[in-house]
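Visitor: quick one: sequence and predicted model below, then my questions.
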Amino acid sequence: MVSKTIFLKLGNPSNTNINISEHDYTLLFANIAPILGQSDYFAARELSKEINSIFYFYLKFFEGLNKKNIDNVISLENNLQTLDGMVKNKERPAELMKLVHLDIHHRMQNIYSLKIKQPK
């Protein structure tokens, strides 16, 4: 079997090229995403719940939070709830990646003044 490499260009925040195989590309964008490992799915479900708990208990009312970021905090809260629902409903991996990399990461960087460590 000949393996092709496809470069997926992500949107604005990082403009990162991701090197994925044709097989992986097909899985990412399949209309019905197969669950390749039931234990991985259950781990993703638990992690999604844990992320929401951490947000509610520690990050939503973070002491150093700039009050100008309230709209971003509300959007982040909605995005995290959406992520939980998407994992629960077994949405396509590409849709999950899009939400996490383009919305959730971006908002967290803005809200909490996070910096990306550049590779050396």
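Guide: Done, it's in. Given the structure is predicted, the values throughout are model-derived calculations rather than measurements.
Visitor: nearest residue to the middle of this structure?
Guide: Closest to where the C-alpha atoms of the chain average out (Cα atoms, centre = their mean) is residue 100, at 1.9 Å.
Visitor: which strand or helix spans the closest residue to it other than its chain neighbours?
Guide: Among residues not flanking residue 100 along the chain, residue 83 sits closest, at 6.8 Å (Cβ to Cβ, 6 or more residues apart in numbering). For the C-beta atoms, the positions are set from N, CA and C on the backbone; glycine is no exception. Using DSSP states H and E, residue 83 maps to helix 70-88.
Visitor: do residue 91 as well
Guide: Per DSSP H and E, there is no helix or strand for residue 91.
Visitor: report how many residues lie close to it.
Guide: 15 (other Cβ atoms under 10 Å).
Visitor: ok, so what distance separates it from residue 40?
Guide: According to Cβ to Cβ, to the nearest Å, residue 91 stands 15 Å off from residue 40.
Visitor: please apply the same query to residue 65.
Guide: In terms of Cβ to Cβ, residue 65 sits 33 Å off from residue 40.
Visitor: much appreciated, bye for now.
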